[in-house]
Every structure is written in structure tokens, then in C-alpha cells.
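**Student:** Sequence first, then the predicted structure, then my questions.
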Amino acid sequence: MAEGLVVSICLGGAFIGSLFSGLIADGVGRRRAFQLCALPMIIGSAMSATAKNLWGMLLGRLFVGTRMGIGPPVAALYVTEVSPAYVRDTYGSFTQIATCLGLMAALFIGFPAKETEGWWRICFWVSAVPAAMLALFMEFSAESPHWLFKRGRGAEAEAAFEKLLGGPYVKGAMAELSKSERGDEADTVKLSEIFCGHHRRVVFIASTLFALQQLSGINAVFYFSSTVFKSAGVPSESANICVGIANLLGSFVALLLMDKLGRKVLLIGSFSGMVVAMVLQATSASSLVSSSNEVYLSVGGMLLFVLTFAIGAGPVPGVLLSEIFPGRIRAKAMSVCMAVHWVINFFVGLLFLRLLEQIGPLVLNSIFATFCLLAVIFVKKNVLETKGKSLQEIEIALVPQE
């Protein structure tokens, strides 16, 4: 019960943080938003490390969850708005790789926790270090030129472009920016503009893509991976490392291929591979496979699922999200879609073990495979290829002009 509360309160904090991420990013800028989101991580880590009871731990995890909700949409916004079109997704893939490396580092740091009393408190203190480094180094980073221009600060936007791209490219970048952005845009974006009118199609595409990402079963695979590997005689620590390596390898493949093949191709290939992987896992739970081969098929299917997820379904939606929204609503629309992500993440985690007990792995994995197949169909019919296009070109293609 206590472990479930600790996980649930963190996801609840992420939901709250994601709802406010757009307001924060638009209000203080992308750079300051990074620095602000580091604060709840530092505070939450300190509270968790010094907790004397469950309530202290829960409050600390709530702060950490809030940072989890604010950070990803702000990171996607920033990377998209400061990157040239021809390398935008390559840079976006670095976010996924950094996440994988962070997970791997956390695994290694946590190894002594079983043998060393109180080591878990050190783990919480260590988690505050990257947050502090983020707050410090963002002080020396350029602000998003898109945000500066939208706030009517054209001269500062030019200076930011010069810092990011170099002097010879400033005029071209400003001219491109002027095509769709309007300077001194201080009017408030209403929710009705996000859910209704000519923006509703892009919001629907982005929200559905994130929903299908979570309904594919990726978090269920992470939750269940240790159990599957244990049945194969692999210790939980080694199992987590194997899953982490598969995730990291897939992320490097995405880094190499995203700006060459495009977002849509990677998404279709990724979800298709996930269908195959889930079918393998479902087959391993059926009577068609002997008990001696069941474990190998299950473990192989799980590693293939994580690998193919990391190639496209993991990194692409976050990057694509920040590309397809018009600059005026980008931050707030992303916060809404990320809130959808966290809600479905919460319910998958809440219901997975219960469904596994009631309907069994064969039916459950078949359901996940069906969602992956639906994702392939959805991407083919609805997702626009954004490879090599500027944010202004994407906006013109997706949103009817008034």
C-alpha cells in the first residue's frame, strides 16, 4: 500500500506539473522555466532524503512529480525552438538518450541499497545534483528566439539567433520567424482556442499519439520486466540493466535515423516492431509454446519491444508535438497533451497487475498489440511528415489560415 502511494503521488504531481508547464514556459520564458522546474526537484529530493515518516516521503515525492510534469514539455519546446530544421529531431533524440543514461546511472547508484542501510537516502540526495546543475547551466544558455519575438522583444530574438546560429544566418531566421509569429503578442490563449476552432485537429493528433504511446503497454513492460527475467533465472539487477541497454541502443538508432528517414517512418516502423514484440510475448503465454521455449520467447519479445519503442514511439511524439503546434498556442497545448500522457500512465500502472491476474498475459498482451496496430493505422492516416521543414512551414500545412 505504501509503495503504491509513493508511486501514485509522484504521477499525480506530474499531472499537476504538466498542466501548469505551458503557463510557466509562456510566462517566464523557456530558459527560466528550466530553472524553476529544478526547484521542486531539489526540494523534493531533500524532503525524501530526510523523511522520518510516510507523510514526509509523500510530500517529497509530490514535489519531484511536479518537476517530472514541468520538465519534459519545456525541454521539447526549447530544443524545437532553438534548433535548425535540418537537425531538429537529431537534437531532440539527445533528450531521450539523456533520459536513458540517467536511468542507467540511477540503477548503478541504487545497487548498494540492499546491503547498505540508509543508502536510499544518499540516492535521493544524489538526484538533487543534476537539478542543481540544470539551474546553473541554463543561466549561460540562450533564450528561445521564438518566445522573445512573440513577446515583442525582436532585438533580443536577433541576439539569441546570433548566439545559436551565427551572424550570417540571423536575417534569414528572423524573416522565417516573421511569417507566422506576431511580435508583442500579449493576449491570453483560451482553452476554447485549443480544443475548438482550427486548432482542434492538431490537438487531437497530438493527444491521441501520446495516448496510444502509453496504451501500447510500455510502462507495463517496464513494471513486469524483472518478473519475466527472474523466471529465466536472471537477477533483477541484471534484468534492469538489460532493459536499460535495449532502451539506450534504440535511442542511438533514433538519433542516427530520425532526420534521415523522418518522424512518420520511424513511428510506423517503431509501432510495427512493437506489434511483433507483443505478439511474441502473447504467444509465449499460450499453449502453442513448450515450457522450455516460453521463457526465451517472452524475454526476447520484451527486449525487442523496448528496443523498437526507443527507436520511434518513445522519442518522436515529444519532438513532433512541439513541431506541429503553432507558436502562439504551442506551450499551453503541449501542457494539455502531456497531462493526457500522465493520466493514462497512471491508470496503466494502477490497473496492469489487476488485469494480469484477471484476464492473463495472453489476452492482456494481445490488447497491447492491438493498440500498437491502431497506432500504426493512426500515424499513416493523420501524422504529417515534418522532416526538414521549418516550424512556420509546418504551421501553414497543418492549420487553416484565417
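**Tutor:** Everything's here; your move.
**Student:** Looking at stretch 32-52 now, give me its mean pLDDT.
**Tutor:** The average pLDDT within stretch 32-52 is 93.
**Student:** ok, now stretch 393-402?
**Tutor:** 64.
**Student:** Kindly report the same for stretch 242-260.
**Tutor:** 87.
**Student:** Could I get the CA-only coordinates of that stretch as PDB?
**Tutor:** Coordinates of each C-alpha in stretch 242-260 appear next as PDB, following Å, rounded to 0.1, in the frame of the first residue of the first chain:
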ATOM      1  CA  CYS A 242      19.400  -5.500 -20.000                       C
ATOM      2  CA  VAL A 243      16.200  -3.400 -20.400                       C
ATOM      3  CA  GLY A 244      18.200  -0.200 -20.000                       C
ATOM      4  CA  ILE A 245      20.700  -1.200 -22.600                       C
ATOM      5  CA  ALA A 246      18.000  -2.100 -25.100                       C
ATOM      6  CA  ASN A 247      16.400   1.300 -24.400                       C
ATOM      7  CA  LEU A 248      19.700   3.100 -24.900                       C
ATOM      8  CA  LEU A 249      20.600   1.200 -28.100                       C
ATOM      9  CA  GLY A 250      17.200   2.100 -29.600                       C
ATOM     10  CA  SER A 251      17.700   5.700 -28.700                       C
ATOM     11  CA  PHE A 252      21.000   5.800 -30.500                       C
ATOM     12  CA  VAL A 253      19.400   4.300 -33.600                       C
ATOM     13  CA  ALA A 254      16.700   7.000 -33.400                       C
ATOM     14  CA  LEU A 255      19.500   9.600 -33.200                       C
ATOM     15  CA  LEU A 256      21.000   8.300 -36.400                       C
ATOM     16  CA  LEU A 257      17.800   7.800 -38.400                       C
ATOM     17  CA  MET A 258      15.300  10.500 -37.300                       C
ATOM     18  CA  ASP A 259      16.400  13.300 -39.600                       C
ATOM     19  CA  LYS A 260      17.300  10.800 -42.400                       C
END
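**Student:** who touches that stretch?
**Tutor:** For stretch 242-260, contacts defined as CB atoms under 8 Å, 6 or more residues apart in numbering pick out 86-90, 92-94, 96-97, 99-101, 103-104, 107, 222, 225, 229, 234, 266, 302-303, 306-312, 314-316, 319, 387-388. All C-beta atoms are positioned from the backbone trio N, CA, C, and that covers glycine.
**Student:** Of the residues you listed, grab the buried ones for ChimeraX.
**Tutor:** To isolate the buried ones among these in ChimeraX, judged by 16 or more other CB atoms under 10 Å, type:
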select :88,89,90,92,93,96,97,99,100,104,222,225,229,234,266,302,303,306,307,308,309,310,311,312,314,315,316,319,387
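**Student:** For the stretch 101-250 of the chain, which segments are assigned as strands?
**Tutor:** With DSSP state E, counting those that start in this stretch, there are no strands along the stretch 101-250 of the chain.
**Student:** Contact partners for Arg67?
**Tutor:** Gly13, Gly17, Cys37, Ala38, Leu39, Pro40, Met41, Gly44, Ala131.
**Student:** any chance of the residues you listed in a markdown table, plus secondary structure?
**Tutor:** As requested, those are exported to a markdown table (DSSP: H, G, I helix; E, B strand; the rest coil):
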| residue | secondary structure |
| --- | --- |
| Gly13 | helix |
| Gly17 | helix |
| Cys37 | helix |
| Ala38 | helix |
| Leu39 | helix |
| Pro40 | helix |
| Met41 | helix |
| Gly44 | helix |
| Ala131 | helix |
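**Student:** ok, so of those residues, who is nearest Asn53?
**Tutor:** Gly44 (15.9 Å; CB to CB).
**Student:** end-to-end on stretch 302-315?
**Tutor:** Length of stretch 302-315, first residue to last, CA to CA, to the nearest Å: 18 Å.
**Student:** Name the residue most distant from the centre of this structure?
**Tutor:** Within the chain, the residue lying farthest from the chain centre (CA atoms, centre = their mean) is Ser290, at 37.6 Å.
**Student:** any idea how far it is from Val170?
**Tutor:** 66 Å (CB to CB, to the nearest Å).
**Student:** again, but for Thr116
**Tutor:** On the measure of CB to CB, Thr116 and Val170 end up 54 Å apart.
**Student:** buried stuff in stretch 388-398?
**Tutor:** Lys389, Ser390, Leu391, Gln392, Ile394, Glu395, Leu398.
**Student:** just stretch 252-260 next, same as before
**Tutor:** Val253, Ala254, Leu255, Leu257, Met258, Asp259.
**Student:** from these, which ones fall inside helices?
**Tutor:** Val253, Ala254, Leu255, Leu257, Met258, Asp259 (DSSP state H).
**Student:** Tell me if I'm right that Leu266 and Gly314 touch.
**Tutor:** No. Under the criterion of CB atoms under 8 Å, Leu266 is not in contact with Gly314, lying 10.1 Å apart.
**Student:** list the contacts for Arg61?
**Tutor:** Taking CB under 8 Å, 6+ apart as the test, what Arg61 contacts is Val6, Ile9, Cys10, Gly13, Gly44, Ser48.
**Student:** Can you say which of the residues you listed are buried?
**Tutor:** Here, 16+ other CB under 10 Å leaves Ile9, Cys10, Gly13, Gly44, Ser48 buried among the contacts of Arg61.
**Student:** quick one: Ala51 from Val64, how far?
**Tutor:** Taking CB to CB, one finds Ala51 at 12 Å from Val64.
**Student:** Likewise for Leu256?
**Tutor:** From Leu256 to Val64 the distance is 32 Å (CB to CB).
**Student:** again with Glu158
**Tutor:** 38 Å.
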